[in-house]
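*Asks:* Return atomic coordinates for the entry below.
(2 chains)
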Amino acid sequence: MKVDVGLPDELLSPLYPNIGLAGLNLKNPLHSSIWDAFSTNMHSDNGPGRYMLVKDYNMFPKRNEGTNKPPPAGILQRGWFNKHLNLIPAAVILFYELDWNDSHWAEKQLDCGLQLNYLRSGLGNRATKLAVVLIQKNSLPAGEDALAVERATSLCNACELMSNSLFVLPVLHADHLVGYVIRLQNVFIDQAVMYYLNETKRIKNNKDTLNRPNYQLLQARHLIKVSFFHEIRKDIPTALKHYNMTYSQLLETKVSNKHQIKILCGFINFKICQLSFRTGAPLDAIAQFDRHIKQFKEHTEPPELQFQHRQWLSHQFQFFGDLFNDAISAGLTALQTKHPGFYYLQAAQYTIQRRQLSDLFKSEVAALVAEGKQVIQLPVTKYFGQFPWELEHYNGAMTNGNLDADDCLFTIQQLELDIDYSRIIIPLLNKAVGQFKQYKPTRMKRHLMLEMGNEYYLAGDYEKAFSIAMCVLGEYRRERWWSLLTSVLDLCLKCAYLVGNVLDYVAICCELIGINMLKHVDDKADLQNNLLGILEGKVPDMREGDESTRQLWSKTLAGRQEYVVEMTKLSSFLSCSASFATNSFQVDEMIHFKVQFISTAVLPMSFSKVVVCFDNKKYDELAIREEVIELSADAPVTLSFEMEPFSNDAACVLKIFSIKLYIAGENSIVLQFGDVFPVAKCKIVPRVARATTSLAFKSPVLVGEFQQLTVNLSNNEDCRISNVMFCVQVKSATYAAEICKPNNNSFENKLDFRLDCLDPQESSDTSFIIRCNSEAKFDLSYVLSYSIALNNKTYLCESRNDLVLSSVAPFHSSISLMSSRCDPMETLLTCDRCLIFNELSASHDSCIEIKDIKYDINPEFIFDEAPNEKQFSLTKHNVLTDCITIQPKSPSKNTNIGSVSVTWRRNDSVQTFTTTSWPLPIVSVNSLPVFLTNTLPSFGTLFDPISIRLCVVNISNYVQEIDIVAEPGDLFMFAGHKHLRCKILPNDKVYLQYQLVPLKSGLLSMPQPVIKLLRHPDIETSALTNKLTKSIYVKPKVFVAK
Amino acid sequence: MAVCIAILTKDNCPLYLTCENTEDSLKMHFLVHTSIDVIEEKLNSTKAANDPRDLYLGQLYPNEDYRIFGYVTNTKIKFVVLESVNHPIKDGDIRQLFSRIHSAYISLVCNPFYMPGDPISSVPFKKTISGLLRSNYMSARIS
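*Replies:* Numbers count the residues shown, from 1 in each chain, chains lettered A, B, ... in the order given. Take a look at the predicted model:
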C-alpha cells in the first residue's frame, strides 16, 4: 500500500500550465530545434509553462461522463493531480509545414484540417484550446500580401479554426527562432490560462447543482479542483481563498473514514501554508499550521496503525519546516523562538514516538510470523486516504477480491518493522541543529545534539554517539544540572562500554557514583563494583552488549594496565584538597602539608598509594605514602606529609601540582587531581641569620662632613660561620651621598667587606666613611651574608637591614649689609663705609667647632682683613655673628662682593676640618657729587636749645652750586639759614649752623633740609640726605620745686 | 495548574525542581534547561523596552506538549513553570502562580540559616511549591 502520509510529488513541484505540441517529428532537425526552443525556453513573459510532445492523438485521458451520478465514498482520486498537470493539455498546438505559395496548397490544406480533426476526436469533449502554427521556409513578405490573406482565410475555414488561432513561424533564419518561439509561448500560455479559467467556471456550475447534503464529498472534491486550477493559472489570492474554503469544507464533511479527511487536509494545509509564505504572510501560515495540528493531533486511527498517525504528524512538521526554511532563504526573518528548527525537532520527536509505538507490536508480529502468517500484496487504493481493506466497499470491480482487514494491518505492521528510524531521525535532528545554530540558543542546540547522540546509539553507531555525548557533557557539568548530567553520563557509560573504551568507562563510573548523580543507590553500588572489578580484570556487568563486547573487554583488560583518570574536570565521587601548614618555610625547617580526601561513594574504597607532585620535580619523590587508605562515604581522610627542603631552594615557591591516588589490583587505576583547588603553595625562605650587625653613626649626617661609621658584626650562632661578607650600599637617586673605605679616597656607592670566618660569640668591627654633597634623604642598606654548616648541610644565611638617613647643612648663614649707622641698605655709596654682618646658626643638635672665617673680597672694595684666627663653637639656638667693613672704590652695577668660607668640624670628631664657603651678596655702587653729614648731641631736653651743624662736602672735581631750604616743622623752633644758595669748590665744605628748640618730648623726627644740586637736577634730595640722622630723643624738662 | 516548577540561580543552575509526572521528568528537565536560552535572550534584549518592574516574562517558547512560562526576580533568580497544553490556564492565573512562588522564595531567603545559592531543603518551601502543582492543587480544591 502506498503510504498516504507524505505529499504527492505533483504538489511539491511548481505548477505550470500544460501545453501540448503536436505535429513535430523529432527526427527532423528543424522540428527538433523548434521543440528544443519550446522545452528549454520555459520562461515567457506570462510565466513559465510545461510543454508536452503529443505523439499519439489518442494519448489523452478521456472524461467520465455524468458527473451527477451517486457520490463515491472517496474524495479525490490518486491520479488526479498528475492527470491535470502532465497528461491533459490546456492547449494543443499543431505544427504544420506549409508556405503560402506552396504548389500543393489544396492537398496540404486538406491534410492539415484532417490532422486537426484527429486531435479534436482524441481530446474528446475537453475544452482544450487548439491552434495551428505554419512552419514557413520563405521569408516574411514585406508589405500586405494578398495571397497570404486569402489562403489564411481559406485554411481557417477548412480547419474550422478561429482566425486568431492561426500562426506563422518563419524558420529561414535560425537565429530568430527563439524570439519567435517566445512570442508564440506568450500567446499559448494566455490561451492555457483561459482554459483553466473556463474549467473553474464549469466545475463551479456543476457544484452549484449539488445541493443534497450527502453530496458534501463531491463539493469538497470540486473545491479542491477549483483551487488547484486557480493556482495553475497563477491567480494566487483566489487560489488561497479557495484552498481555505476547501479546508473548511473538508472539516465539515461527514464521512465514515476520517482518515481521508486528514490526508486531504494535510495536502490543502500544505498548499495554504506554501501560498501564505509566498504572499508574504508568514503569520497566517503559522496560524494555519497550528490550527491544522490542533485539529488532527488527537485523531484516532485503528489502534494498530497509531504509528502511522505519528508518521503523518512528523511529515506535516517536516514539510512546514521546509516551507519555513524556503521562506527564510527568500528573505523572511525568523525569531529565536519561532524558526524552522522547532518544526524539524518536533518532526524528529514524532518519529521517535512512532518508533516507540512500533516497539509495542514487535513481539506480537514476530509471534504471528513464527506461526507462518504470510505477508499479502497490498493494492494501491483508488482514492487518497483509503485503507486497502476498504477497496471492495468503494469499487466492486477490484480484482483482488475481499481483503481481510487483519491481514492488511499485519502486513502494514510487518513493513513498519523493517524501517530504520534513525535514518529518518538523524537527518531531521541535523537540520534542526543547523537551524538552532543560526539563532544561537546554545542549550537547545546542546539538547538536540544529545538527542542525536541517543539516535546514533540506537542506530548502533556507538563511537559517534559517544563523541557527541562527550561534547555536551562539559556544559551540563558546568551548569550543575545534575539530573541532565546523569542522563548524559548514562548514555556515555553505555557507549564507552560498547566500544570497549576502558579509560572513559572508568572516568564515567567515577563521576556516576558521586553524590550529585541522581541514581539509585543500588545502581551506584553496582557501578562501583564494576569499577573495582576492572582492577581484577573482570569485565563489567552491564545489561548492554553481547558476547563479542565481553570478549573485547577481557582482551583489553588482560595484562597489567594502568588507567589514569584526570579527576579535576569531573564532578566525581572523590574530592581532594591540600594545604601547607604555613605560607613560608625556612630552608632548614621541615615542610608540613596536609592532603584531605572526601568520598561520597556508596561503598568504601581502598587506595594503595598517594603521590603528591610538585611543580619542582625534585620534591616528587619526597611525598609518597604507600599504605592502604580506606575511604568510606562522608568520613574524610587527612594525610599529613613532612619533607625536607633542598638547601639551595631558598627563595623558591613550591606549588602542589597534582595529587595521584592509586587503586591497585591486577590493573591499576590512578585518580589524578591536577590543579588542586584552592591552589596550595608555600614559599621556601632562607634561614634567618642569627649573626647580627649594628651600625654606629652620629646623627644627623652633615653636608660636607666626612663621617666615619662603624659596623659591629657579632656571631650569635652556636657554631663558626664562614664566608662572611658585609655589603653596604647607598641608595639615592640624586647621588646625595657617597661612601669609601678609610684610608682610601675613591668614593663609591657600594662597598664590600669580606671576612673569612667568625667564631661563636666573636665580633668584628668594620668602618667606612660617608660624605654627603647636599641636603637629602637617602637609604643606606647593609647586608650580612655568611654560610653556616649545620647537620652536615651548608646553609646560606642573610640578614638585610635598611636605614633611612637624612643629611642636613652644618649651619645656616644669613648675610646683611648695613650702613655705618646700622641702617639696612641695598645700594652702596662710593664715599661711604658699609658693614657686612654674617650670622651663622645651627638647626641640629650637634656642636660645631668653627676654626676660622675667611673673606675673600673683590679688589674693587677697600677691605682691611683682620689677621687673627677665630675659634668658636656653635650649638643649636646659638647665633654667631661676624662683622667686617668694606668701602667701594668706584660706582658699578651688580658687583660681586666676594665670598666667605668657614672652616669647621664636629667638635667631638677626630676628622680633619672641613671648609664650607658661599658667596656674599651682589650689590650696586652709586656715587654722589656732594656728601652731607650732620652732627648733633645724643639727646636734647624739652625747651632747651640744641646746636646742630650740617656739613656739605663737595667730593667731585667741579664747583657745585647747592640750594638748601630748611623746614622746621611743628616739633621744633629753630634759628639759622632758612634758605641758602651757595657754591662749593672741589673738595671744599660748607658748614650750616642751626639752633633747635624742641617743643615736645620723646623720640622726635629731625627736620630734614631740602637740598637741590643745580648741576645735577636729577639727583633727588632723599639720596643726599639719607646719611643724616633722622631722629633725636628729647627728654622732658625736670622742674625742681623751690 | 503547573506540571513542573523550577527555581534556578542567577548562574542558571537548578536550586529546586519538582515535576508532577515522574516518568516525563527528564523531558521536563530538558525543557526547563533549554528555556534558559530564551530567558537570557529576553533579559538581554528587552531590558530597555519593557517595564523593568515587571518580572513576568510571559510564554517562553512553544512546545507541542507543554507551555513554558518564565519569571525573573530582581536578583536574577529564575522561575520556570511548565503547564500542560491540554489544560490551558489564563495569563492572570500564571502571574498569580508566579507571585506565590516568589513569596515562597522570599520567605525562604528570609531564613537567616539559609545561604542564598544553596540547594533548597526547606520543608515549608517544598510543601508550598508542591502544593502549586496541578494534581495537588486540584485535590486541595476538592477537599
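*Asks:* Can you report phi and psi for A:V808?
*Replies:* phi -130, psi 160 (degrees, to the nearest 10).
*Asks:* How about the contacts made by the spatially closest residue to it that is not a sequence neighbour?
*Replies:* Counting by C-beta to C-beta, 6 or more residues apart in numbering or on different chains, A:V808 lies nearest to A:P700, which is 4.8 Å off, once chain neighbours are set aside. C-betas here are computed from N, CA, C, even on glycine. A:P700 makes contact with A:805-808, A:844, A:846, according to C-beta atoms under 8 Å, 6 or more residues apart in numbering or on different chains.
*Asks:* now swap in A:V595 and tell me
*Replies:* Here A:V595 is in contact with A:576-578, A:610, A:612, A:638-639, A:641, A:659 (C-beta under 8 Å, 6+ apart).
*Asks:* what do you get for A:A496?
*Replies:* Taking C-beta under 8 Å, 6+ apart, one finds A:466, A:504-505, A:508 in contact with A:A496.
*Asks:* how about it, secondary structure?
*Replies:* Recorded secondary structure, A:A496: helix (DSSP: H, G, I helix; E, B strand; the rest coil).
*Asks:* so what's it scoring on pLDDT?
*Replies:* Turning to A:A496, the model gives it a pLDDT of 89.
*Asks:* how near is it to chain B?
*Replies:* For A:A496, the distance to chain B equals 20 Å [C-beta to the nearest C-beta, to the nearest Å].
*Asks:* And A:G124, by the same measure?
*Replies:* Between A:G124 and chain B the computed distance is 49 Å (C-beta to the nearest C-beta).
*Asks:* count of neighbours near that residue?
*Replies:* 13 (other C-beta atoms under 10 Å in any protein chain shown).
*Asks:* hang on, it packs against A:F60?
*Replies:* Yes. Contact criterion C-beta atoms under 8 Å: A:G124 and A:F60 qualify, at 7.1 Å.
*Asks:* Would you mark the buried spots in stretch A:626-643?
*Replies:* Neighbour-count burial for stretch A:626-643 flags A:629, A:631, A:639, A:641, A:643 (criterion: 16 or more other C-beta atoms under 10 Å in any protein chain shown).
*Asks:* for these, which one is nearest chain B?
*Replies:* Nearest to chain B out of the buried residues of stretch A:626-643 is A:L631 (C-beta to the nearest C-beta; 23.9 Å).
*Asks:* Quick one: residues contacting A:K655.
*Replies:* A:614-615, A:679-681.
*Asks:* could you pull out the strands for chain B?
*Replies:* B:2-8, B:14-19, B:56-62, B:66-72, B:78-84 (DSSP state E).
*Asks:* List the contacts of A:A737.
*Replies:* A:A737 neighbours (C-beta under 8 Å, 6+ apart): A:701, A:730, A:749, A:770-773, A:776, A:778, A:780, A:805, A:807.
*Asks:* Find the nearest non-adjacent residue to it, please.
*Replies:* Nearest residue to A:A737, sequence neighbours excluded (C-beta to C-beta, 6+ apart): A:C772, at 4.6 Å.
*Asks:* next one: A:A459
*Replies:* According to C-beta to C-beta, 6+ apart, the nearest residue to A:A459 is A:S422 (3.4 Å).
*Asks:* ok, now A:T875?
*Replies:* Leaving aside its chain neighbours, A:T875 sits nearest to A:C847 (4.8 Å; criterion: C-beta to C-beta, 6+ apart).
*Asks:* Look up the pLDDT of the residue nearest to A:A459 for me, please.
*Replies:* 86.
*Asks:* Am I right that it is in contact with A:L458?
*Replies:* Yes. Between A:S422 and A:L458 there is a contact under C-beta under 8 Å: 5.8 Å.
*Asks:* who has more neighbours, the two?
*Replies:* With neighbours defined as other C-beta under 10 Å, A:S422 and A:L458 compare such that A:S422 has more, 21 against 16.
*Asks:* Please, which helix or strand holds the more buried one?
*Replies:* helix A:421-439 (DSSP states H and E).
*Asks:* Spell out which residues of chain A are next to chain B.
*Replies:* Neighbours of chain B within chain A, by C-beta under 8 Å from any C-beta of the partner chain: A:293, A:297, A:336-338, A:342, A:346, A:349, A:441-444, A:447, A:479-484, A:487.
*Asks:* mind redoing it with 7 Å?
*Replies:* Proximity of chain A to chain B (C-beta under 7 Å from any C-beta of the partner chain) is limited to residues A:336-337, A:342, A:346, A:441-444, A:447, A:479-481, A:483-484, A:487.
*Asks:* List the beta-bridge partners for the closest residue to A:N86 other than its chain neighbours.
*Replies:* In space, and not counting its chain neighbours, A:N86 is closest to A:N18: 6.5 Å by C-beta to C-beta, 6+ apart. A:N18 has these beta-bridge partners by DSSP bridges: A:R50.
*Asks:* Distance from the chain centre to the biggest helix by length in chain B, please.
*Replies:* Secondary structure assigned by DSSP state H gives helix B:25-45 as the longest helix of chain B. In terms of C-alpha atoms, centre = their mean, to the nearest Å, the centre of helix B:25-45 is found 11 Å from the chain centre.
*Asks:* Who are the packing partners of it?
*Replies:* The contact analysis (3 or more C-beta pairs under 7 Å, 6 or more residues apart in numbering or on different chains; DSSP states H and E) places helix B:25-45 against helix A:442-459, helix A:482-499, strand B:2-8, strand B:14-19, strand B:56-62, strand B:66-72, strand B:78-84.
*Asks:* List the contacts of B:R134.
*Replies:* B:1-3, B:20, B:87 (C-beta atoms under 7 Å, 6 or more residues apart in numbering or on different chains).
*Asks:* If you rank the residues of chain A next to chain B by neighbours, which is first?
*Replies:* Neighbour counts for the residues of chain A next to chain B peak at A:M444, which has 28 neighbours (criterion: other C-beta under 10 Å).
*Asks:* Ignoring the adjacent residues along the chain, who's closest to that one?
*Replies:* B:T34 (4.4 Å).
*Asks:* For chain B, what is the nearest residue in the stretch 51-200 of chain A?
*Replies:* Using C-beta to the nearest C-beta, the single residue of the stretch 51-200 of chain A nearest to chain B is A:I75, 27.9 Å away.
*Asks:* Just the pLDDT at residue 72, thanks.
*Replies:* If you meant another chain, say so; for now it's chain A. 66.
*Asks:* sorry, should have said chain B
*Replies:* 90.
*Asks:* And for B:V38, nearest residue in space, chain neighbours not counted?
*Replies:* B:V38 sits nearest to B:L60 (C-beta to C-beta, 6+ apart), 4.3 Å away.
*Asks:* residues in contact with that neighbour?
*Replies:* Per C-beta under 7 Å, 6+ apart, neighbours of B:L60: B:35, B:38-39, B:68-70.
*Asks:* In this structure B:S25 contacts B:C19, no?
*Replies:* Yes. Between B:S25 and B:C19 there is a contact under C-beta atoms under 7 Å: 4.2 Å.
*Asks:* which non-adjacent residue is nearest A:N583?
*Replies:* In space, and not counting its chain neighbours, A:N583 is closest to A:C682: 5.9 Å by C-beta to C-beta, 6+ apart.
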